[in-house]
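>>> output the structure for:
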Amino acid sequence: MDKRETNVQTTAPMLFPIEPEQFWQMLRVLVREEVSQLERLPVRTPAYDTPGLTYKPLYKIGEVCQLFQITKPTIYDWIKHGKLKPYKIRSRVYFLWNDIQFLLRPGEQPKE
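Numbering: from 1, shown residues only. As a prediction, this is how the structure comes out:
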């Protein structure tokens, strides 16, 4: 029967010439530097932002669902009952911001 060696290495071999605590300290410093650089970067504006526009004029059906936290069948019911007017551009359906604002404030009349 083969006798196996009983010498089992319990610590990881040293791969670099620095102590583990020094390595972790250097890593923390690098992470802090990267985070501070990211915080200094200017905030990107969404692609739909156009100089002079203060709101996004057209919304897709998914965006309206997220805004009101509702499902697509509810949107279709609103269209059917005349609460929302869809605007089709090519194969996509959009809704006007003014119509959405009217739904958010039901006491006002929609602006044409």
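
>>> just the strands in this protein please.
58-60, 87-89, 92-96 (DSSP state E).

>>> wait, which of those is closest to residue 74?
strand 92-96 (13.0 Å; C-beta to C-beta). Any C-beta I mention is one placed from the backbone N, CA and C, and that applies to glycine too.

>>> report the buried residues of that closest one.
94-96 (16 or more other C-beta atoms under 10 Å).

>>> now those as JSON lines including distance to residue 105?
JSON lines is the format used below for these (distance: C-beta to C-beta, whole Å):
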{"residue": "94", "distance to residue 105": "21"}
{"residue": "95", "distance to residue 105": "16"}
{"residue": "96", "distance to residue 105": "15"}
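
>>> tabulate the strands of the chain (a markdown table), appending mean pLDDT and distance to residue 41.
Listed next are the strands of the chain as a markdown table, based on pLDDT from 0 to 100; distance: least, C-beta to C-beta, whole Å:
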| stretch | mean pLDDT | distance to residue 41 |
| --- | --- | --- |
| strand 58-60 | 90 | 28 |
| strand 87-89 | 91 | 34 |
| strand 92-96 | 91 | 32 |
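
>>> got TSV for the ones you listed, with distance to residue 73 too?
Shown next, in TSV, are the strands of the chain (distance: least, C-beta to C-beta, whole Å):
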stretch	distance to residue 73
strand 58-60	16
strand 87-89	19
strand 92-96	14
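
>>> quick revisit: between the buried residues of strand 92-96, which sits nearest residue 82?
Out of these, the member with the shortest distance to residue 82 (by C-beta to C-beta) is residue 95, at 13.2 Å.

>>> list the contacts for the residue nearest to the closest one when sequence neighbours are not counted?
Excluding the flanking residues, the one nearest residue 95 by C-beta to C-beta, 6 or more residues apart in numbering is residue 59, at 5.0 Å. Listed by C-beta atoms under 8 Å, 6 or more residues apart in numbering, the contact partners of residue 59 are 67, 94-97, 100.

>>> flag the shaky bits of the chain, pLDDT-wise.
Low-confidence segments of the chain (pLDDT under 70): 1-16, 44-55, 106-112.
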